[in-house]
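# Here's a sequence, model it:
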Amino acid sequence: MEKIGIFCSASNRLPSVYVEITRQLGEWLGKEKKTIIYGGANLGLMEDIASAAKANGATLIGVVPKILEKNGKVSTLPDRLIHTVNLSDRKDVIVEESDILVALPGGIGTLDEVFHVMAASTIGYHHKKVIFYNVNGFYDTLLKALQQMAQAQFIRGLEKNEYYLVANSFNELINILKKPNLTDNND
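Numbering: from 1, shown residues only. Now for the predicted structure:
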């Protein structure tokens, strides 16, 4: 897993624990010389992960929709910018460019990105997974809802980890990211 897609919050008003775990991940990704594909904004956890990763040697690819450029919200950190028309195009590019995707804590935009990846996987566009970085149980409620939907037969494949994995700690996340191939559904 060399190209890691990151989904996360663009809010600058988050509790410090989320900023700290984001920077910790960014430092590790940088030291491992990974390429990070992310939303390219100069806000919130997006800028935090980019800054920490870049300072430690990562390559950054920012995927930026026109509206971010228009509003002056583009980070200066990416080594490469990919310009997109809108958020839908942005999601497609991030998925296409990434080997795997990590969902840090985030809001509506992050959920939209996560579900975009999982929905495309369910019908065979790709076999890439999302790793929910479940810091402090951030995603517990969402994960429980997904399990309830699966139990009611609305989602298939969850029992085989076809669409996502969960990391409840930094060590769990790193161990998942160190696996050579997570797209074959045999983990």
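
# Relative to residue 115, how far out is the most far-flung residue of the chain relative to its centre?
Distance from the C-alpha centroid of the chain peaks at residue 152, with 27.4 Å (CA atoms, centre = their mean). Distance from residue 152 to residue 115, counting by CB to CB, to the nearest Å: 17 Å. All C-beta spots, glycine's among them, are computed from the backbone N, C-alpha and C.

# And for the helix or strand bottoming out on mean pLDDT in the chain, what's in contact with it?
Sorting the helices and strands of the chain by mean pLDDT, DSSP states H and E puts helix 66-70 at the bottom, at a mean of 90. The contact list for helix 66-70 (CB atoms under 8 Å, 6 or more residues apart in numbering) reads 39, 40, 41, 74, 83, 84, 85, 86.

# How about the third one: which residues does it bridge to?
Note on residue 41: beta-bridge partners residue 74, judged by DSSP bridges.

# now it: how far from residue 24?
Applying CB to CB, one obtains 20 Å for the distance of residue 41 from residue 24.

# So between the two, which is more surrounded?
Using other CB atoms under 10 Å, the more surrounded residue of residue 41 and residue 24 is residue 41, with 22 against 15.

# Looks like the more buried one contacts residue 75 (just checking).
Yes - using CB atoms under 8 Å, residue 41 is in contact with residue 75, at 6.2 Å.

# what residues are shared contacts of those two?
Common neighbours of residue 41 and residue 75 (criterion: CB under 8 Å, 6+ apart): 47, 62.

# tell me the two of the contacts of helix 66-70 that are most distant?
Greatest spatial distance among those (CB to CB): 41 and 85, at 16.3 Å.

# still on that earlier bit, report the buried residues of the least confident helix or strand of the chain.
Neighbour counts over helix 66-70 (16 or more other CB atoms under 10 Å) mark residue 68 as buried.

# Next secondary structure after it?
If you walk from helix 66-70 toward the C-terminus, the next helix or strand you reach (DSSP states H and E) is strand 80-84.

# Partner strands of that following strand, with direction?
strand 59-65 (parallel).

# Need the mean per-residue confidence for the partner strand.
Per-residue confidence for strand 59-65 averages out to 97 on the pLDDT scale.

# Kindly export that strand (C-alpha atoms) in PDB.
The C-alpha atoms that make up strand 59-65 are tabulated as PDB, following Å, rounded to 0.1, in the frame of the first residue of the first chain:
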ATOM      1  CA  THR A  59       4.500  13.000  -1.500                       C
ATOM      2  CA  LEU A  60       1.200  14.900  -1.500                       C
ATOM      3  CA  ILE A  61      -1.400  14.900  -4.200                       C
ATOM      4  CA  GLY A  62      -4.200  17.400  -3.600                       C
ATOM      5  CA  VAL A  63      -7.400  16.900  -5.500                       C
ATOM      6  CA  VAL A  64      -9.100  20.200  -5.600                       C
ATOM      7  CA  PRO A  65     -12.600  21.100  -6.900                       C
END
